[in-house]
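Novice: Quick one: sequence plus predicted model below, questions after.
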Amino acid sequence: MEFEPVIGLEVHAQLKTKTKIFCACSTAFGAPPNTHTCPVCLGMPGVLPVLNKKVVEYTLRMALATHCKIERESRFARKNYFYPDLPKGYQISQYELPIARTGFVDTEINGCTCRIGINRIHMEEDAGKLDHDPDRPVSRVDFNRTGVPLIEIVSEPDIRSPEAAGAYLRHLRSLARYLGICDGNLEEGSFRCDANVSIRPQGSETFGTRTELKNLNSFKHVEKALLYEINRQKEIMREGGQVVQETRLWDPAKNRTTSMRSKEEAHDYRYFPDPDLLPLLIDDAWIEAVRQSLPELPDAKRQRFIQQYGLPPYDAGILTSDRQLAAYFEDCARAFPQPKQISNWIMGALLGQLNVQGKTIETSTISALHLAQLLELVDRGVISGKIAKTVFEEMAQSGQPPRKIVEEKGMVQITDDRAIEEVVTKVIESCPQEVAAYQKGKAKLLGFFVGQVMQATRGKANPQLVNEILKKKLNG
């Protein structure tokens, strides 16, 4: 029997507010343990939470970007469970009346556009963090993260492959970064997800028993964990067994999932409206003000790059995947209006260099203006494409402008016909056997001669002139 997977994702995005959702404590990452806490986020008796308005604004931005219906009235609820990193014994979240429902995201998957539904978006506070001692059976609790604002984006079970799940997550992360509401840092946990996965016979409309996967801190891990779990469930079903509803942990070291606990249902958390927080009322004016503040989003920018700059869809998709990268490209294009050349260098040399250096486009030592100046030097014939690569590497190390590097290192391209002809003549005279072979029809040797000339000029001779003069001399 053939089975198909049914996947839904619950994405938690940490909002980039300066303070927590219900108190004035800082949300800055990396502070010493338990230094960003107060009686409110620690749940001391008698304290009252106060909602951070910026949290609501950021949530509205994501809701509008994902075509959700925004509820004019929503409520906060208490999600009750016991865990050492939860100081109040409950988490303030939203349950029956979330802030947004029924949206969608259109995602490119293997060249096709797939629409994935958004069931709901709601606000909630984060829990603390347990630090497990590797040498002793001791765990310490850090409450700095307690009360940090999150939005949870719950998809419909519309995803049918691990690759589609990865594409959807990358799209959501790109949206969050474009909107300026989340830095999308998976390593620091500011963008993370849980996955629900089941399988069913091909063509069936009935859902199977689902498992929840946790500890997914990279797109690659999400895809690998889903693939493993799908295959695990298929094997159980083909052997006549039954999949158990449970929460499973992904172990990246062993490339497998392991059982963590039985899966909770909503009633296990005993949700009820939080008595300390009033219903949240949102009027049309506020929604419209947020809508007007939205930037150009990735899909719209990608289409504009294709139409305005004549870029292939693949190039446009890469360049608009990150807001800062798209801005870098447009800064280059304003200074050097050759979009395809710029695209080639950004997607090849620049992104490759950033990967090696472990940097982002924001921290690149090569500014958009300097890259444009480098390409202009090549376009004007001042330096060759080969020399440009050497200049680029120097720019990446020093951050200096290309003109200064070219002048200091004497890299200006030789375009004088006589100077090149002198070198060509010497090369031909020093290689009589190769000349004879070329003249007998071994045309591929032309590349050998070009290489010899370029080596003699330290790569500075104009390649086009070298080819022309060589052909004239060898065929004359």
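Specialist: Perfect, I can see it now. Residues are numbered from 1 along each chain as shown.

Novice: Please give me every residue in contact with Arg201.
Specialist: Just to correct that, residue 201 is Pro rather than Arg. The contact partners of Pro201, by C-beta atoms under 8 Å, 6 or more residues apart in numbering, come to Met1, Glu2, Phe3, Glu4. (Each C-beta comes from the backbone N, C-alpha and C, glycine too.)

Novice: Please name the bridge partners of the last one.
Specialist: Meaning Glu4. Following DSSP bridges, Glu4 is listed with bridge partners Arg200.

Novice: how does this structure divide into domains?
Specialist: What the record gives for the chain is the domain set 3-288, 296-408, 417-475, from automatic domain parsing.

Novice: Select from the ones you listed the stretch with the lowest mean pLDDT.
Specialist: For the domains of the chain, the weakest mean pLDDT is recorded on domain 417-475, namely a mean of 82.

Novice: so how far is it from its chain's centroid?
Specialist: 47 Å (C-alpha atoms, centre = their mean, to the nearest Å).

Novice: What's the PyMOL syntax to select whichever of the contacts of Pro201 are buried?
Specialist: Restricted to buried positions by 16 or more other C-beta atoms under 10 Å, the PyMOL selection for the contacts of Pro201 reads:
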select buried, resi 3
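
Novice: and the two most separated of the contacts of Pro201?
Specialist: Every pair in these was compared (C-beta to C-beta); the two farthest apart turn out to be Met1 and Glu4, at 10.8 Å.

Novice: shared neighbours, the two?
Specialist: Listed as contacting both Met1 and Glu4 by C-beta under 8 Å, 6+ apart are Pro201, Gln202.

Novice: The helix of greatest length in the chain - contacts with which helices or strands?
Specialist: Using DSSP state H, we find that the single longest helix of the chain is helix 219-238. Applying 3 or more C-beta pairs under 8 Å, 6 or more residues apart in numbering; DSSP states H and E, one finds that helix 219-238 makes contact with strand 3-14, helix 162-179, strand 191-201, strand 211-216, strand 246-251, strand 256-262.

Novice: Among these, which comes closest to Ile99?
Specialist: strand 3-14 (13.8 Å).

Novice: how about the CA coordinates for that closest one, as PDB?
Specialist: Taking C-alpha atoms only, strand 3-14 is exported to PDB below (Å, rounded to 0.1, in the frame of the first residue of the first chain):
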ATOM      1  CA  PHE A   3       1.100   6.100   1.800                       C
ATOM      2  CA  GLU A   4       1.300   9.900   1.700                       C
ATOM      3  CA  PRO A   5       2.500  12.100   4.600                       C
ATOM      4  CA  VAL A   6       0.400  14.800   6.200                       C
ATOM      5  CA  ILE A   7       2.400  17.500   7.900                       C
ATOM      6  CA  GLY A   8       1.500  20.600   9.900                       C
ATOM      7  CA  LEU A   9       4.000  23.000  11.500                       C
ATOM      8  CA  GLU A  10       3.800  25.100  14.600                       C
ATOM      9  CA  VAL A  11       6.300  27.900  14.200                       C
ATOM     10  CA  HIS A  12       7.400  30.000  17.200                       C
ATOM     11  CA  ALA A  13       8.900  33.400  16.300                       C
ATOM     12  CA  GLN A  14      10.500  35.500  19.000                       C
END
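
Novice: Contacts for stretch 391-410 next, please.
Specialist: Residues external to stretch 391-410 that are found in contact with it (C-beta under 8 Å, 6+ apart): 345, 349, 353, 357, 365-367, 370, 373-374, 377, 382-383, 387, 411-412.
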